[in-house]
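Student: only geometry, no sequence info:
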């Protein structure tokens, strides 16, 4: 009777916060990491392989929040808020000026703002 062999396994991989991992943990298998919308892979690669010594070819990556571009407000426009995914930026004008445009815009999953920076008029 031939000897029974078991396939070498690597440790099970937990998904990164705000992400997922797919694939098996047997020798030669590839684990693939993805991030939820609004997050991107950081500190690692999207795939790692289970090696013959029972270790993974790399570490698990992290999923970081997408950052929107830095906004440059025009004269007399004041802003405050966050440029991270789901963060919002609010705008006000100095005394004697009226806001023209959106009072609040939001950082979206694709790294773009939901609107444009408003202006202030006398």
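Tutor: Noted; the coordinates are in hand. Note that this is a predicted model, so its numbers are computed, not measured.

Student: what's near enough to touch residue 39?
Tutor: Applying C-beta atoms under 8 Å, 6 or more residues apart in numbering to residue 39 gives the contacts 18, 19, 63, 64, 65, 66, 85. (Glycine included, C-beta is placed from N, CA and C.)

Student: which strand residues bridge the residue nearest in space to the middle of the chain?
Tutor: Central residue of the chain (C-alpha atoms, centre = their mean): residue 39, 1.6 Å from the mean position. Bridge pairing for residue 39 (DSSP bridges) gives the partners residue 65.

Student: let's see the pLDDT reported for it.
Tutor: pLDDT for residue 39: 98.

Student: for residue 7, same thing?
Tutor: 73.

Student: residues contacting it?
Tutor: Going by C-beta under 8 Å, 6+ apart, residue 7 touches 26, 27.

Student: any idea how far residue 71 is from it?
Tutor: 53 Å (C-beta to C-beta, to the nearest Å).

Student: what's the answer for residue 120, then?
Tutor: Residue 120 is 14 Å from residue 71, where distance means C-beta to C-beta.

Student: between the two, tell me which one has more neighbours.
Tutor: Counted by other C-beta atoms under 10 Å, residue 120 and residue 71 do not tie: residue 120 has more neighbours, with 20 against 15.

Student: the helix or strand where that one lies pairs with which strands?
Tutor: Residue 120 belongs to strand 119-121 when assigned by DSSP states H and E. Here strand 119-121 is paired, per DSSP bridges, with strand 98-100 (antiparallel).
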